[in-house]
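Student: Provided below for reference: sequence and predicted model.
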Amino acid sequence: MIVKTVIIGFGNVGRALLKELVKIKEFNIVGLASSRGAVIVRDNKDLNEALLIAEKKQKLDKHSKFIEGLTSIELAKETNAELAFIAIPPSYETGEPNRRIYYGLIDLGVSIITADKTVLAREYVELRNKVYEKGLFIGYRATVAAGTPVLDVARGLRGRGVERIRAVLNATTNYILSLIEEGLSYREAVEKAIEEELAEPNPQIDTHGWDPAAKLAITVSELGTPITIMDVIREPLETIPEDEVRRAIREGYRIKYIAEAILGEEYIVHPARIKREDKLANVSGNINVVEFTLENEKVVIEGPAGPAWRTAKVMVTDAIEYLETRKQLKAS
Ligand SMILES: NC(=O)c1ccc[n+]([C@@H]2O[C@H](COP(=O)([O-])OP(=O)(O)OC[C@H]3O[C@@H](n4cnc5c(N)ncnc54)[C@H](OP(=O)(O)O)[C@@H]3O)[C@@H](O)[C@H]2O)c1
């Protein structure tokens with residue numbers, strides 16, 4: 001079984017993914033796309049050149065076969081792709097161009113494995129319905145806490161009446177808060193996070209809560225209560241005064257950027273005062289934690305989120321599921 005595969009997005013995740021997928025004999029990489037154009041991979045020479053570019057962390061337009069202006073959809077059509085991995089930046093406010101890419105692929109009959117949260121966070125039900133109507137597959141484990149199977153846990157708790165979620169889902173705001181605790185101002189902490197490539201060039205994706213709100217919306221939807229990112233109230237990180245962050249420490253608390261859901265009622269991402277002994281107060285750096293409350297007990301999952309190489313491996317977990325699903329579909 002050979003799966004003609006394209007990778008859409010050749011940044012940190014897309015490059016790491018290429019290196020992972022070439023190790024799996026079932027996947028034949030036939031194309032790669034970036035924002036300005038694409039490469040049709042016709043033979044091993046083209047593939048090896050792409051691998052070299054990935055190794056050097058260069059952009060796809062360095063490839064000698066780069067076709068300026070060739071879109072992801074044209075690439076999928078031209079290569080007759082069966083599966084597309086999507087690793088492009090989010091676009092929560094308008095949803096575009098991400099939506100166009102997803103629905104264009106689905107119309108062509110291409111299954112999807114994605115690390116990008118945009119379309120699931122905005123229209124979880126519509127997207128999945130469209131995929132399933134066409135008899136296709138969608139994998140999105142990497143969209144929430146890539147590295148830790150939060151969505152597998154959510155799926156496993158369906159029908160159990162989860163009442164509440166509390167979570168730390170964003171590493172950048174964790175880091176910014178820890179710098180403020182050490183004495184930096186909010187502005188200095190954000191600048192340092194950008195310098196160290198932890199924050200997006202547009203840090204508001206993190207500090208205005210778009211990223212954790214998207215993850216919360218997908219997790220709640222996965223539990224069987226579909227919501228969208230627009231249902232999540234986002235209080236920006238800077239609404240908490242720097243002094244309050246430092247005072248909380250002295251008084252036995254920590255300020256954390258928390259994503260919370262009371263299912264069916266309220267969804268919010270906000271800076272909150274958390275008792276020092278609470279699990280959520282002690283997560284730092286790249287670690288995410290999600291606490292589900294049900295049946296008067298808590299189910300808690302904690303672990304790493306990213307970086308890019310780990311995210312790529314999580315997409316491979318989805319790819320393995322894709323191969324199994326495909327086998328079952330062919331057998332039935
Ligand atoms: N990094 C992580 O650990 C991690 C973890 C979980 C999820 N994610 C998600 O994974 C996605 C990718 O992250 P990243 O760190 O790889 O981002 P990145 O380094 O910024 O790379 C983004 C890539 O997407 C390309 N791109 C942008 N618009 C495009 C379009 N319209 N069509 C085709 N390609 C397009 C860019 O092209 P150019 O090269 O031309 O700029 C670039 O190659 C994001 O949605 C992120 O939230 C990342």
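Tutor: In hand now; what should we look at?

Student: which of the residues in stretch 95-102 are buried?
Tutor: Applying a neighbour-count criterion of 16 or more other CB atoms under 10 Å, one finds 95, 98, 99, 101, 102 buried in stretch 95-102. Quick note: C-beta positions are derived from backbone N, CA and C, even for glycine.

Student: residue contacts, the second one?
Tutor: When contacts are counted by CB atoms under 8 Å, 6 or more residues apart in numbering, residue 98 touches 88, 90, 91, 116, 118, 119.

Student: give the contact list for residue 171.
Tutor: Contacts of residue 171 by CB under 8 Å, 6+ apart are 198, 285, 286, 287, 288, 305, 306.

Student: is stretch 278-286 anywhere near the ligand?
Tutor: No. Using CB under 6 Å from any ligand atom, stretch 278-286 stays clear of the ligand, with a minimum separation of 8.8 Å.

Student: Could you pick out the longest helix of the chain?
Tutor: helix 308-331 (DSSP state H).

Student: Alpha carbons of that one, as CSV, please.
Tutor: What follows is helix 308-331, C-alpha atoms only, in CSV (Å, rounded to 0.1, in the frame of the first residue of the first chain):
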residue,chain,number,x,y,z
ALA,A,308,8.2,21.1,16.1
TRP,A,309,10.0,17.8,16.0
ARG,A,310,7.6,16.3,18.5
THR,A,311,4.6,17.7,16.8
ALA,A,312,5.8,16.0,13.6
LYS,A,313,5.9,12.7,15.5
VAL,A,314,2.4,13.2,16.7
MET,A,315,1.3,13.7,13.1
VAL,A,316,2.9,10.3,12.4
THR,A,317,0.6,8.8,15.1
ASP,A,318,-2.3,10.1,13.0
ALA,A,319,-0.7,8.7,9.9
ILE,A,320,-0.6,5.3,11.4
GLU,A,321,-4.3,5.5,12.2
TYR,A,322,-4.9,6.6,8.7
LEU,A,323,-3.2,3.5,7.3
GLU,A,324,-5.3,1.3,9.6
THR,A,325,-8.5,3.0,8.7
ARG,A,326,-7.7,2.7,5.0
LYS,A,327,-7.1,-1.0,5.4
GLN,A,328,-10.5,-1.5,7.2
LEU,A,329,-12.3,0.5,4.6
LYS,A,330,-10.7,-1.5,1.8
ALA,A,331,-11.6,-4.8,3.6
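
Student: now the buried residues of stretch 95-102 as TSV including distance to residue 62 and pLDDT?
Tutor: Below are the buried residues of stretch 95-102 laid out as TSV (distance: CB to CB, whole Å; pLDDT from 0 to 100):
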residue	distance to residue 62	pLDDT
95	30	98
98	25	98
99	29	98
101	23	98
102	27	98
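
Student: from the residues you listed, which ones fall inside helices?
Tutor: 98, 99, 101, 102.

Student: Distance of the last one relative to residue 17?
Tutor: Yep, that's residue 102 we're talking about. 17 Å (CB to CB, to the nearest Å).

Student: In the protein, what residue comes closest to the ligand?
Tutor: At 1.7 Å from the ligand, residue 11 is the closest residue in the chain, using CB to the nearest ligand atom.

Student: sorry, back to before: now flag whichever of the contacts of residue 98 is closest to residue 137.
Tutor: Of all the contacts of residue 98, residue 119 has the smallest distance to residue 137: 15.2 Å, by CB to CB.

Student: Please list the residues of the protein that sit near the ligand.
Tutor: Residues of the chain lying near the ligand (CB under 6 Å from any ligand atom): 8-14, 33-36, 59-60, 72, 87-90, 97, 115-116, 142, 146, 306-308, 311.

Student: Go through stretch 75-83 and flag the buried ones.
Tutor: For stretch 75-83, burial by neighbour count (16+ other CB under 10 Å) applies to 75, 76, 79, 81, 82, 83.

Student: got the CA positions of that stretch in PDB?
Tutor: Only the C-alpha atoms of stretch 75-83 are listed here, as PDB (Å, rounded to 0.1, in the frame of the first residue of the first chain):
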ATOM      1  CA  LEU A  75      -0.300  20.700  -6.200                       C
ATOM      2  CA  ALA A  76      -2.700  18.200  -4.700                       C
ATOM      3  CA  LYS A  77      -4.600  18.000  -8.000                       C
ATOM      4  CA  GLU A  78      -1.400  17.800 -10.200                       C
ATOM      5  CA  THR A  79       0.100  15.000  -8.000                       C
ATOM      6  CA  ASN A  80      -3.100  13.100  -7.600                       C
ATOM      7  CA  ALA A  81      -2.500  13.100  -3.800                       C
ATOM      8  CA  GLU A  82      -4.500  10.900  -1.500                       C
ATOM      9  CA  LEU A  83      -3.300  12.500   1.800                       C
END
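
Student: my guess is residue 288 meets residue 168, correct?
Tutor: Yes. Contact between residue 288 and residue 168 holds when scored by CB atoms under 8 Å: they sit 6.0 Å apart.

Student: Counting by contacts, list what the longest helix of the chain packs against.
Tutor: strand 3-8, helix 12-21, strand 83-86, strand 111-114, strand 138-139 (3 or more CB pairs under 8 Å, 6 or more residues apart in numbering; DSSP states H and E).

Student: which non-adjacent residue is nearest the residue nearest in space to the middle of the chain?
Tutor: For the chain, residue 143 is the residue whose C-alpha lies nearest the centre (CA atoms, centre = their mean; 2.7 Å). Residue nearest to residue 143 in three dimensions, not counting chain neighbours: residue 117, with 4.5 Å by CB to CB, 6 or more residues apart in numbering.

Student: Fine by me, thanks again.
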